[in-house]
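Q: kindly return the folded structure for what I paste below:
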Amino acid sequence: MFKSKRIVYVTDVKEMNQHIKFCLENRIEAPSEAWVKLQRIPKAYYTLDILYTRLILRYYGNGNYYTTYIFQLDGSEHQQAIPGLRTFSLLQRMSNKGVIDLTGNSKWYNSTYDTWNLAPIGGFIYFNKKLMNNRYENCIEYDRKSAYASALLEDIPDTRRPPRENDYVRKGEIGFRTMKIGHNDEEQLYAIFEEGYLADYIYPAIESPFKKFAEYYYSKKIHAKGKEYDRAKQILNYSIGYIRRKNPFIHSCILSRCRYFIESLIDENTLYCNTDSIVTRTYRPDLELLVGDEIGKFRIEHKGSFAYNSSGYQWNNDLPSIRGKSKQWFMNAYPNGFDILKDELPYIEANMYYFNKEKGKIMKCEE
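A: Predicted structure coming up:
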């Protein structure tokens, strides 16, 4: 994909419409950003993507670098995020290029379709189906501090050399196998850390080169506030996400460690959990012992009423957390409050703005 030199979040609809107007009058709309790259004449083109909650415009301006302009159609305030590539560059710099780029290996990566030939692992989500569709009082959420970063402190696979294949994991090795495991129905690339288990691919385990990076930015995170806190948090999280683009084995190693740890804590009173948190309807003395200030320790994030169903969850009377749904949608559609167990989920109609293709501009929904 075309490398964006600059990302700008536009809050003024008039300003965003000026950018769109310039492109409509002076540029040619490209079928895709990848197509622009293949044509090797990007300055003549622009791309316009209209997503559920945002409009994304990319083009070369008058003397400007190639820029991505983002406008929130739902009317929400957006936080300036650090580009994933920037966070990954920081990780590589502090680890002496610890992530080996495997995209040049045709066995693992299909450059034609820009996809991995493996099934990369994703985030972990678990719902206790037996207790679903109810609201429970006196619940507790234990949130793990910088879970991904804590996994960066442990051994990683040495992907500088080809793996041994279709064999059993030995001491001092990390294996990988595409399989279904635990509470996930999808086949994904999981890491195997125990000896004696059959794996598709096996690498030697080496000391993590990412310790300095993880410890440095975790320290900055816990001692910072406001934007500096957000920045340190983004660097720790986004860099892990970007590893997936370069090396699925290191990425799988990190996420597998986090998933296995949380899965080991699930009991009959667990209502919900994800890669770095667990919600329980009872006090957990074992988790209380894991509460602390250090990286990878728990903190109590929420207490009180917890309701959940197959779509997501809600603490007390707060805005719900539902995948694929903008929190601003709930504010727009339900100004007096939303109940996840009673009210219908809002959809794209809850946006404050839409793109009028005939007029070639963003308009308020009531217009």
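
Q: excluding chain neighbours, what is closest to the residue nearest in space to the middle of the chain?
A: The central residue of the chain, meaning the one whose C-alpha is nearest the mean C-alpha position (CA atoms, centre = their mean), is residue 241 at 6.2 Å. Using CB to CB, 6 or more residues apart in numbering and skipping residues adjacent in sequence, the residue nearest residue 241 is residue 84, 6.1 Å away. From N, CA and C alone the C-beta is placed, and that goes for glycine too.

Q: which SS class is the residue nearest to the centre of the chain?
A: The three-state assignment at residue 241 reads helix, by DSSP: H, G, I helix; E, B strand; the rest coil.

Q: ok, the one 3 residues further on next?
A: Here residue 244 is helix, with the state taken from three-state DSSP.

Q: confidence score at it?
A: The predicted local distance difference test score for residue 244 is 95.

Q: show me where the chain has helices.
A: Counting by DSSP state H, the chain has these helices, from start to end: 13-26, 33-39, 84-94, 147-151, 211-222, 226-246, 248-263, 285-288, 327-333.

Q: next one: phi and psi at residue 113?
A: Geometry field for residue 113 lists phi and psi as phi -100, psi 0, criterion degrees, to the nearest 10.

Q: before we move on, the earlier item: residues near the residue nearest to residue 241, how many?
A: Look at residue 84: counted by other CB atoms under 10 Å, it has 18 neighbours.

Q: one more: residue 14?
A: By other CB under 10 Å, 9 other residues sit near residue 14.

Q: OK, contacts around the residue nearest to residue 241?
A: Residue 84 makes contacts with 238, 239, 241, 242, as judged by CB atoms under 8 Å, 6 or more residues apart in numbering.

Q: could you do residue 347 as well?
A: With contacts defined as CB under 8 Å, 6+ apart, residue 347 is in contact with residue 329.

Q: below-threshold pLDDT in the stretch 51-200 of the chain: ranges please.
A: Low-confidence regions of the stretch 51-200 of the chain, defined here as pLDDT under 70, cover residues 62-64, 79-80, 181-185.

Q: cool, the stretch 251-367 of the chain as well?
A: Within the stretch 251-367 of the chain, the stretches with pLDDT under 70 are 367.

Q: all strands for the stretch 51-200 of the chain, in order.
A: 54-60, 66-72, 109-110, 115-116, 125-127, 134-144, 156-157, 164-168, 173-179, 188-192, 198-206 (DSSP state E, counting those that start in this stretch).

Q: would you mind measuring from the residue nearest to residue 241 to residue 300?
A: Relative to residue 300, residue 84 is positioned 30 Å away (criterion: CB to CB, to the nearest Å).

Q: rewinding a little: which ChimeraX command selects the buried ones in the contacts of residue 84?
A: What follows is the ChimeraX syntax selecting those of the contacts of residue 84 that are buried according to 16 or more other CB atoms under 10 Å:
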select :238,239,242
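
Q: please convert the contacts of residue 84 to JSON lines, extending it with distance to residue 229.
A: Compiled in JSON lines, the contacts of residue 84 are given as follows (distance: CB to CB, whole Å):
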{"residue": "238", "distance to residue 229": "15"}
{"residue": "239", "distance to residue 229": "16"}
{"residue": "241", "distance to residue 229": "19"}
{"residue": "242", "distance to residue 229": "20"}
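
Q: now the two most distant members of the contacts of residue 84.
A: Greatest spatial distance among the contacts of residue 84 (CB to CB): 239 and 241, at 7.3 Å.

Q: what's the domain layout of this protein?
A: For the chain, the structural domains run 6-75+355-364, 84-316, going by automatic domain parsing.

Q: most tightly surrounded among those domains?
A: Highest mean neighbour count of the domains of the chain: domain 84-316, a mean of 17 (counted as mean count of other CB atoms under 10 Å).

Q: and it, end to end?
A: According to CA to CA, to the nearest Å, domain 84-316 extends 33 Å from its N-terminal end residue to its C-terminal end residue.

Q: now do stretch 256-271
A: Distance between the two ends of stretch 256-271: 21 Å, counting by CA to CA.

Q: chain center to it, what's the gap?
A: Taking the mean C-alpha point of stretch 256-271 and that of its whole chain, the gap between them comes to 19 Å (CA atoms, centre = their mean, to the nearest Å).

Q: which residues does that stretch contact?
A: Contacts of stretch 256-271 from elsewhere in the structure, counted by CB under 8 Å, 6+ apart, are 121, 124, 126-128, 131, 136, 139, 144, 147-148, 150-151, 154, 182-183, 190-191, 193, 273-282, 284, 286-287, 306, 308, 313.

Q: contact partners for residue 148?
A: With contacts defined as CB under 8 Å, 6+ apart, residue 148 is in contact with 236, 237, 240, 254, 255, 258, 275, 276.

Q: repeat that with 10 Å
A: For residue 148, the set of contacting residues under the criterion of CB atoms under 10 Å, 6 or more residues apart in numbering consists of 214, 236-237, 239-241, 243, 254-255, 257-258, 275-276, 296.

Q: just residue 90 next, same as before
A: So residue 90 contacts 82, 213, 216, 217, 235, 238, 239 (CB under 10 Å, 6+ apart).

Q: go again using 8 Å as the cut-off
A: Under the contact definition (CB under 8 Å, 6+ apart), the residues listed for residue 90 are 213, 235, 239.

Q: try residue 345
A: Neighbour list for residue 345: 311, 322, 325 [criterion: CB under 8 Å, 6+ apart].

Q: again with residue 348
A: Applying CB under 8 Å, 6+ apart, we find residue 348 in contact with residue 52.

Q: for residue 191, give the beta-bridge partners.
A: The residues paired with residue 191 through beta bridges, assigned by DSSP bridges, are residue 176.
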